[in-house]
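Peer 1: Pasting the sequence and the predicted coordinates here, then a few questions.
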Amino acid sequence: MRQKTFRPYDQDSLLLMPPSLHDWVDPDGLPAFLSDLVDELDLAPFLAAHDEPRGMPPYHPRLMLKVLLYGYATGVTSSRKIEERLASDVGFMFLAGQARPDHKTIAEFRRRHLAAFEGLFLTALQLCQAAGLAKLGRVAIDGTKLKANASRHKAMSYGRMAEREVALAAEVAAILAEAEAVDAAEDARYGDARGDELPPELRRRETRLARIREAKAALEAEARERTGNPDAVPDAKAQRNFSDPESRIMLSKPDGWIYGYNPQIAVDAGHQVIVATTLSADPTDTAALPALVDQIETNTGRWPRKLLADAGYASDDNLAHLEERGIDAYVATRRDRHGAKAPVAPRGRIPARLSRRERMARKLTTKRGRAEYRRRKAIVEPVFGQTKEARGFRRFRLRGRAKVTAEWHLVCAVHNLGKLFRSGRGKASYGGNRTSRARHTASRTVILAVLRRVARDIDRLPPSISAFRSTVRRAFVLAAITDAAS
């Protein structure tokens, strides 16, 4: 029986020449695209944060930004996971030039450059516009609930706060009274003695008491601001989270009740490019529409011709806002049950007495209105699916609304860069960066020239070392084949 012939396999084989990092990745792949793109970006906002000449030289922002973008693009957002990938993932190793920044450095870079991420989002959007991916003929808006970096077990209701405040205050008073009694007894026994450190039990209870009082005061301030009544008292069930006090409890369909934020996006229909985004801790979507629509014009220089939105944005004020800007809006005024029969399309002139909501409801019952609104789900909802499922971004890493907003801008920038990469128009939008590849090609040319000269010199050697001559010739042939293949 003949034995199957397998390809050669040897883990101990040595490389003829030192490998180039560019040989590790596909020149048309995502790591090479991000590397070329970041090399062309103006990193002045990132460089401005490094204005202290003293101290150890930090990693260059260009390196750190490439690694961070690739991490968010591939669903690796944890700084510790990124540190692991820098030692095992070829894409990360290529982008970092085999440097190994640790997780603290990566996390500090993300925190340090929060203000620059909004500019990065705008830059990514401008590149998409230059590539013809955002035409603003039809835009759909929607929101989603994303978990905050907060534990549900680190929260307390206003009613519970009042109970715990009284209990903890009593415990603190009892500990202080006990400490006074102990001090008096020790003073009587030892005289002047130093012992001014707080007991561990007192430190823990005082800290908890201070945090409860702070959260209680914040809830009371929110109630006064919301009602306009200086004597307003929060509802006993109103809650505050101690991990991220700016997050709010809200209902997420797949996860139930969570502490999180409500990011909003406006998506262009052509290639699902995000053209505007906001973020709030308000569980409802209604108040987000005006700022989101105005941001579209700020970011792109013009209003969309058509705008699609679900019933969460329906209000007379929002419809008036769209009407004033000349936008052909299709906003649902009520939530229809899945599979419900479509209403009969109206006929005749629109009655003059109808309110804006009634006119919009009538508009969406027409054949054209139903056809336009039907496209909303296919435009904006896949973007959230790509963010949550494909890239695995379901929880923010940072805490506080300002930091979370900056991180969301980073997520949206990565989404748009992904659309630019997959469109095949990326190099045309930013010109492409051929400098590093030119240097790589030049170095290979020099090596091949040296090998040719060595081969000619070897031919002049005596036949007694023919084995050495044949080894060098094989090396030259292998290098030439590798160069031709690359």
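Peer 2: Thanks, I have it.
Peer 1: Near residue 260, how many residues? Count them for me, please.
Peer 2: Look at residue 260: counted by other CB atoms under 10 Å, it has 28 neighbours. All C-beta spots, glycine's among them, are computed from the backbone N, C-alpha and C.
Peer 1: Assign a three-state SS to it, would you?
Peer 2: strand (DSSP: H, G, I helix; E, B strand; the rest coil).
Peer 1: any idea how far residue 23 is from it?
Peer 2: 44 Å (CB to CB, to the nearest Å).
Peer 1: Residue 47 now?
Peer 2: On the measure of CB to CB, residue 47 and residue 23 end up 30 Å apart.
Peer 1: For the stretch 101-250 of the chain, which segments are assigned as helices?
Peer 2: 103-112, 114-130, 158-190, 200-227 (DSSP state H, counting those that start in this stretch).
Peer 1: weakest of these by average pLDDT?
Peer 2: The weakest mean pLDDT among these belongs to helix 158-190, with a mean of 60.
Peer 1: Which of the three states applies to the residue most central in space within the chain?
Peer 2: In the chain, the centroid-proximal residue (CA atoms, centre = their mean) is residue 411; its distance is 2.5 Å. Classification of residue 411 using three-state DSSP returns helix.
Peer 1: Not counting sequence-adjacent ones, nearest residue to it?
Peer 2: residue 393 (5.8 Å; CB to CB, 6 or more residues apart in numbering).
Peer 1: count of neighbours near residue 147?
Peer 2: Around residue 147 there are 17 residues (other CB under 10 Å).
Peer 1: Double-check it against residue 396; I have them as touching.
Peer 2: Yes - under the criterion of CB atoms under 8 Å, residue 147 makes contact with residue 396 at 7.0 Å.
Peer 1: Give me the phi and psi for residue 271.
Peer 2: Phi and psi for residue 271, reported as degrees, to the nearest 10, are phi -130, psi 20.
Peer 1: and the helix or strand residue 71 falls within, what does it pack onto?
Peer 2: Element membership for residue 71 (DSSP states H and E) is helix 61-73. On a contact count with 3 or more CB pairs under 8 Å, 6 or more residues apart in numbering; DSSP states H and E, helix 61-73 meets helix 30-40, helix 44-47, helix 79-85, helix 90-95, helix 103-112, helix 401-423.
Peer 1: Look up how far residue 5 lies from residue 13.
Peer 2: 19 Å.
Peer 1: the more surrounded of these two?
Peer 2: residue 13 (8 against 5).
Peer 1: domain ranges for the protein?
Peer 2: Per automatic domain parsing, the domain ranges recorded for the chain read 21-112, 133-150+249-397, 153-241, 437-485.
Peer 1: looking at the ones you listed, which one has the lowest mean pLDDT?
Peer 2: domain 437-485 (a mean of 59).
Peer 1: Reduced to three states, what does the residue nearest to residue 411 come out as?
Peer 2: Per three-state DSSP, residue 393 ends up coil.
Peer 1: Pretty sure it sits against residue 386.
Peer 2: No - shown here, residue 393 and residue 386 do not form a contact pair, counting by CB under 8 Å, at 9.5 Å.
Peer 1: The two: which has the busier surroundings?
Peer 2: Regarding residue 393 and residue 386, a neighbour count based on other CB under 10 Å identifies residue 393 as having more, with 22 against 15.
Peer 1: How about the contacts made by that one?
Peer 2: 72, 75, 77, 146, 387, 411 (CB atoms under 8 Å, 6 or more residues apart in numbering).
Peer 1: export the residues you listed to TSV and tack on distance to residue 363?
Peer 2: Compiled in TSV, the contacts of residue 393 are given as follows (distance: CB to CB, whole Å):
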residue	distance to residue 363
72	39
75	40
77	42
146	32
387	31
411	34
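Peer 1: and the closest residue to residue 71 other than its chain neighbours, what is it in contact with?
Peer 2: Sequence neighbours aside, residue 82 is the residue nearest to residue 71 in space, at 4.8 Å (criterion: CB to CB, 6+ apart). By CB under 8 Å, 6+ apart, residue 82 lies in contact with 67, 68, 71, 76, 92, 103, 106.
Peer 1: Over to residue 356?
Peer 2: 316, 319, 320, 323.
Peer 1: By neighbours, which of those residues wins?
Peer 2: Going by other CB under 10 Å, residue 319 tops the contacts of residue 356 with 20 neighbours.
Peer 1: Just confirm that residue contacts residue 357, I think it does.
Peer 2: Yes - with contact defined as CB under 8 Å, residue 319 reaches residue 357; the gap is 6.8 Å.
Peer 1: Let me know the pLDDT of the closest residue to residue 151 other than its chain neighbours.
Peer 2: Counting by CB to CB, 6+ apart, residue 151 lies nearest to residue 243, which is 5.4 Å off, once chain neighbours are set aside. pLDDT for residue 243: 80.
Peer 1: same question, residue 422
Peer 2: So residue 422 comes in at 91 (pLDDT).
Peer 1: can you pull the contacts of residue 266?
Peer 2: 139-141, 274-277, 292-293, 295-296, 304, 380 are the contacts of residue 266 under CB under 8 Å, 6+ apart.
Peer 1: ok, now with 10 Å
Peer 2: 136, 139-142, 273-278, 289, 292-293, 295-296, 299-300, 304, 307, 309, 379-380 (CB atoms under 10 Å, 6 or more residues apart in numbering).
Peer 1: Using the three-state scheme, assign it.
Peer 2: Applying three-state DSSP: residue 266 is strand.
Peer 1: List the buried residues in stretch 359-368.
Peer 2: Buried positions in stretch 359-368, judged by neighbour count with 16 or more other CB atoms under 10 Å: 359, 360, 361, 362, 363, 364.
Peer 1: Oops, could you answer that again for stretch 122-135 instead?
Peer 2: Applying 16+ other CB under 10 Å to stretch 122-135 flags 122, 123, 124, 125, 126, 127, 128, 129, 131, 133, 134, 135 as buried.
Peer 1: cool, stretch 220-237 as well?
Peer 2: 220, 223, 234.
Peer 1: By neighbour count, which of the contacts of residue 393 wins?
Peer 2: These, ranked by neighbours (other CB under 10 Å): first place residue 146, 26 neighbours.
Peer 1: That one: what's it in contact with?
Peer 2: 247, 250, 252, 255, 258, 260-263, 279, 384, 387-388, 393-396, 404, 407-408, 411.
Peer 1: Please tell me how far the nearest residue to residue 233 once chain neighbours are set aside sits from residue 96.
Peer 2: Spatially, and ignoring its direct neighbours in sequence, residue 233 is nearest to residue 223 (6.4 Å; CB to CB, 6+ apart). As judged by CB to CB, residue 223 and residue 96 stand 50 Å apart.
Peer 1: try residue 307
Peer 2: From residue 307 over to residue 96 (counting by CB to CB), the distance is 42 Å.
Peer 1: Check residue 303 too.
Peer 2: Counting by CB to CB - residue 303 and residue 96 are separated by 42 Å.
Peer 1: Looking at the two, which has the bigger crowd around it?
Peer 2: Applying other CB under 10 Å to residue 303 and residue 96 shows that residue 96 carries more neighbours, namely 22 against 16.
Peer 1: from what I can see the more buried one touches residue 64, true?
Peer 2: Yes - if you go by CB atoms under 10 Å, residue 96 and residue 64 touch, sitting 8.6 Å apart.
Peer 1: How many residues are close by the closest residue to residue 327 other than its chain neighbours?
Peer 2: Closest residue in space to residue 327, ignoring its immediate chain neighbours: residue 307 at 5.1 Å, by CB to CB, 6+ apart. Other residues within reach of residue 307, judged by other CB under 10 Å, total 25.
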